[in-house]
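*Asks:* Got a predicted structure plus its sequence, pasted below:
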Amino acid sequence: MLDGKMLPLASLFALALSTSLPLNASENTFSQAYSDYQAALKQGDDAQIEASAKRAFELGEAQYAKDSVDLANLAMNWAGALKKVAMPNLFEGDNAAKTAKAYELYQLALSNYKKHYGEHAAELIDPLLGAAETSPKLTVAKELFENAIEIAEKTANKKLLADVKIATFDRLTNTGLYTAQVRDYAFEAYETYKEILPENALDRVKATYIVGAVEYAEKHDDKAIPLLLEVVKQFEALKFSHPYALSAHAYLVELYERQGKREESTAHCIAIGKMRPWADTQEQQPLFRTTPKYPKSYLIQGKSGYVTLNFTVDEMGFVKKPEVLESKGGVLFEKSTLKMIEEWRYAPKFEHGKPVPAQTTVRIDYFTDKS
């Protein structure tokens with residue numbers, strides 16, 4: 001059996017290699033290559049997984065028919081390994097070649113599965129998703145996702161359909177193909193996960209974050225806050241850090257600051273400071289910032305300038321004791337900048353597990369079309 005496949009939904013299908021292998025040297029060589037692949041999976045070495053999956057596929061090409069399910073399974077293994085080592089920047093630099101090869105392998109598997117399982121079989125979902133995620137053309141990716149959704153809708157598997165919709169949202173968000181329908185896929189998946197998964201299931205927590213982030217982006221603050229608080233709560237219970245947890249805290253800082261709830265935002269400033277690794281020379285980045293008011297008289301005159309401030313970020317992420325280090329253009333720029341900086345919030349710096357005051361600087365530039 002070809003167990004240990006690296007597929008997003010592999011547990012749904014049992015894809016087996018033929019058991020009637022010829023007893024010859026090539027079979028022994030292939031068996032060793034596949035054993036190496038299984039061993040690499042257990043060790044979790046992504047580079048070795050990719051190398052052994054490649055070798056198993058190349059040896060399998062000499063052993064199995066080009067249109068066989070067996071070769072398709074091996075192609076899926078190698079494609080999944082390539083995609084993993086190329087993430088998260090699938091289409092950049094050296095990763096582009098790996099992603100292109102993964103796409104080719106997914107297409108091979110898709111073609112073979114169609115021949116053996118039919119044009120609308122659930123077995124097609126894995127290669128459809130893989131091809132959609134690695135296709136360099138978004139229009140092709142969208143078509144592949146829609147095909148996968150159509151097939152998943154005909155199954156009785158709610159989780160499968162939700163997974164496909166989330167995968168579609170992940171690929172098409174922040175692209176020119178993001179539509180109201182793509183947005184709705186995330187919300188529909190979230191509702192399904194709420195129905196069938198416990199509140200601490202990672203898929204449900206991630207979907208909660210996605211929907212919260214969308215509500216945040218759409219300025220639905222009262223809807224975003226409880227969703228993001230739920231994300232924070234679950235990751236704290238799961239006892240491990242995740243980029244979604246860090247991002248949820250950051251969104252909550254801005255949401256609370258937007259509402260003037262500075263005390264509520266403080267806990268999230270501190271949480272971010274605790275999660276981030278700090279270097280001695282690292283400049284702190286604001287979690288919430290406002291823009292200064294351009295002095296009206298300077299704006300009329302077309303005056304430009306800048307102000308560089310030094311200040312302390314205290315243990316709760318508030319700006320304290322701002323001082324002008326350097327400025328150009330006039331005293332009104334200084335006054336506007338000093339008033340503005342009091343509204344900013346930062347993650348406090350942590351040393352030995354405790355928040356401490358830290359010095360930082362920022363430069364604010366003022367310019368107009370006239371200048």
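*Replies:* Happy to help now that I have it.
*Asks:* make it CA atoms for all contacts and neighbour counts henceforth
*Replies:* Noted.
*Asks:* tell me the phi and psi of residue 342?
*Replies:* As for residue 342, its main-chain torsions (degrees, to the nearest 10) stand at phi -60, psi -20.
*Asks:* just checking, it touches residue 321?
*Replies:* No. Using CA atoms under 8 Å, residue 342 is not in contact with residue 321, being 9.3 Å away.
*Asks:* Give me the distance between the helix or strand that contains residue 270 and the centre of its chain.
*Replies:* Using DSSP states H and E, residue 270 falls within helix 262-275. Here helix 262-275 is found 22 Å from its chain centre; the criterion is CA atoms, centre = their mean, to the nearest Å.
*Asks:* List of residues touching it?
*Replies:* When contacts are defined by CA atoms under 8 Å, 6 or more residues apart in numbering, helix 262-275 is touched by residues 241, 246, 249-250, 252-254, 256-257, 287, 315-317, 345-350, 353-355.
*Asks:* for stretch 82-91, same thing?
*Replies:* Here stretch 82-91 has contacts from 46-47, 50, 95-96, 98-99, 101-102, 134, 136, using CA under 8 Å, 6+ apart.
*Asks:* ditto for stretch 32-44
*Replies:* 4, 46, 48-49, 52-53, 55-56.
*Asks:* Please list the members of those residues that lie in strands.
*Replies:* For the contacts of stretch 32-44, not one is inside strands, with DSSP state E as the criterion.
*Asks:* Return the item of those having minimum pLDDT.
*Replies:* Within the set of the contacts of stretch 32-44, pLDDT is lowest for residue 4 (38).
*Asks:* got the CA positions of the helix holding residue 270 in PDB?
*Replies:* Extracted in PDB, the C-alpha atoms of helix 262-275 (Å, rounded to 0.1, in the frame of the first residue of the first chain):
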ATOM      1  CA  ARG A 262      -7.300  52.200  25.400                       C
ATOM      2  CA  GLU A 263      -7.400  50.000  28.500                       C
ATOM      3  CA  GLU A 264      -8.800  47.100  26.500                       C
ATOM      4  CA  SER A 265      -6.100  47.400  23.900                       C
ATOM      5  CA  THR A 266      -3.300  47.300  26.500                       C
ATOM      6  CA  ALA A 267      -3.600  43.600  27.200                       C
ATOM      7  CA  HIS A 268      -3.100  42.900  23.500                       C
ATOM      8  CA  CYS A 269      -0.100  45.200  23.200                       C
ATOM      9  CA  ILE A 270       1.500  43.300  26.100                       C
ATOM     10  CA  ALA A 271       0.600  39.900  24.500                       C
ATOM     11  CA  ILE A 272       2.300  40.900  21.200                       C
ATOM     12  CA  GLY A 273       5.400  42.100  23.000                       C
ATOM     13  CA  LYS A 274       5.600  38.800  24.900                       C
ATOM     14  CA  MET A 275       5.200  36.800  21.700                       C
END
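*Asks:* just checking, next helix/strand downstream of that helix?
*Replies:* With secondary structure assigned by DSSP H and E, helix 262-275 is succeeded by strand 286-288.
*Asks:* Show the average pLDDT along that next one.
*Replies:* Here the average pLDDT along strand 286-288 is 90.
*Asks:* I'd like to know which elements that strand is packed against.
*Replies:* In terms of contacts (3 or more CA pairs under 8 Å, 6 or more residues apart in numbering; DSSP states H and E), strand 286-288 is packed against helix 243-258, strand 345-346.
*Asks:* Touching the helix or strand following that strand from outside, list them.
*Replies:* Next in sequence after strand 286-288, counting helices and strands by DSSP H and E, comes helix 296-301. With contacts defined as CA under 8 Å, 6+ apart, helix 296-301 is touched by 304, 368.
*Asks:* how far out from the middle of the chain is the next helix or strand after helix 296-301?
*Replies:* Beyond helix 296-301 in the direction of the C-terminus, DSSP H and E gives the next helix or strand as strand 305-313. Here strand 305-313 is found 33 Å from its chain centre; the criterion is CA atoms, centre = their mean.
*Asks:* What strands line up against strand 305-313, and which way round?
*Replies:* strand 319-328 (antiparallel), strand 358-366 (antiparallel) (DSSP bridges).
*Asks:* of those strands, which approaches residue 146 most closely?
*Replies:* Among the strands paired with strand 305-313, strand 358-366 comes nearest to residue 146, with 46.6 Å by CA to CA.
*Asks:* May I see the buried residues of the closest one?
*Replies:* 358-362, 364, 366 (16 or more other CA atoms under 10 Å).
*Asks:* average model confidence for that strand?
*Replies:* So the average pLDDT for strand 358-366 ends up being 93.
*Asks:* Stretch 101-118 too?
*Replies:* 97.
*Asks:* thinking again about what came up before, out of the contacts of stretch 82-91, name the ones that lie in helices.
*Replies:* 46-47, 50, 95-96, 98-99, 101-102, 134 (DSSP state H).
*Asks:* In CSV: these, plus distance to residue 155 and neighbour count.
*Replies:* Supplementary listing: the ones in helices among the contacts of stretch 82-91 in CSV, determined by distance: CA to CA, whole Å; neighbours: other CA atoms under 10 Å:
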residue, distance to residue 155, neighbour count
46, 33, 15
47, 35, 14
50, 32, 23
95, 35, 17
96, 34, 16
98, 32, 21
99, 29, 28
101, 30, 16
102, 27, 28
134, 25, 24
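*Asks:* buried set for the helix holding residue 270?
*Replies:* Applying 16+ other CA under 10 Å to helix 262-275 flags 262, 265-275 as buried.
*Asks:* Closest to residue 291 out of these?
*Replies:* Closest to residue 291, out of all of these and judged by CA to CA, is residue 262, at 17.6 Å.
*Asks:* Now do that closest one, the pLDDT please.
*Replies:* 93.
*Asks:* For the stretch 201-350 of the chain, give me the ranges with low pLDDT.
*Replies:* 240-241, 276-283 (pLDDT under 70).
*Asks:* Please repeat the previous calculation with a cut-off of 90.
*Replies:* 235-246, 271-286, 349-350 (pLDDT under 90).
*Asks:* Thanks a lot, catch you later.
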